[in-house]
Structures are given as C-alpha cells and as structure tokens.
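Trainee: No sequence on hand, only this structure:
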C-alpha cells in the first residue's frame, strides 16, 4: 500500500489500512480494533505501545525545538528569552497530549508500511 496514503489517512485520525473513522473512543483512548476493517490496532505486539509513545515524544520535541529556533531566528538579535523559556516549557508539556492521537495513528501507518495486515 502507498505510504503517503497511509500517512494521509493517519493524519486525519482514520484507519491507515481502510480509511474508516472512529478509531478513538476518547482523545487518548484508541479502540482495540478498527470499526471498518477489524484491524487489530495494537498489532499483537507487547512493546507496540511504547513505540507509539516514543514516536509521540520525539515528534513533539522536534516540533517544539523547530518552533523555538524559528522564533529566535525571526526576532534576532533581540529574541524574547522569557517568552521562549516559559512558552517552550508550556509547549513541551502540552504538545504530547495534543499530538497523541496523531502519533498513534502515524505510528500505526508506519508499522503497516513495513508489515501489512496479516503479517503481525
């Protein structure tokens, strides 16, 4: 399956495999199976959740650092250091919660690109 299609579906919080919605019962609680294609969303692997968490943290931190650098470069030679310090700290605490569902579906899409359904 096309990796871009998988990622596009994942970014819309849809099943990367079939495109069905409704993968989350709450913002941070993913259902066990896709309502459309019945794909096991945890992929029958014990460490799968840890991989999704690490994907979430890495993405959140990279986006945060990119934003901090962009503001510093845009406002150079007098960057707002207080804003960057406190805003950066707030972003680093809030971003993983906001990005969590996207990280879960993107990690699932990444996994499906390398291990199609039935190979888990």
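Mentor: Nice, I can see it. For clarity, every value in this text was computed on a predicted model and none was experimentally measured. Numbering: from 1, shown residues only.
Trainee: and residue 66, what are its phi and psi?
Mentor: When read as degrees, to the nearest 10, the backbone of residue 66 gives phi -60, psi -40.
Trainee: Can you tell me the number of residues neighbouring it?
Mentor: By other CB atoms under 10 Å, the residues close to residue 66 number 10. For every residue, glycine as well, the C-beta is placed using N, CA and C.
Trainee: what helix or strand is the closest residue to residue 67 other than its chain neighbours on?
Mentor: Among residues not flanking residue 67 along the chain, residue 91 sits closest, at 6.9 Å (CB to CB, 6 or more residues apart in numbering). In this structure, residue 91 sits in helix 81-114 according to DSSP states H and E.
Trainee: do residue 71 as well
Mentor: Per DSSP H and E: residue 71 is located in helix 48-74.
Trainee: and that helix, what other elements does it pack with?
Mentor: helix 81-114 (3 or more CB pairs under 8 Å, 6 or more residues apart in numbering; DSSP states H and E).
Trainee: quick one on the thing from earlier: now the helix holding residue 71: how far from the chain's centre is it?
Mentor: Remark: helix 48-74 is offset 10 Å from the chain centroid, using CA atoms, centre = their mean, to the nearest Å.
Trainee: The helix holding residue 91 - what's its average pLDDT?
Mentor: For helix 81-114, mean pLDDT rounds to 93.
Trainee: Can you name every helix or strand that that helix contacts?
Mentor: Secondary-structure packing of helix 81-114 (3+ CB pairs under 8 Å, 6+ apart): helix 3-11, helix 48-74.
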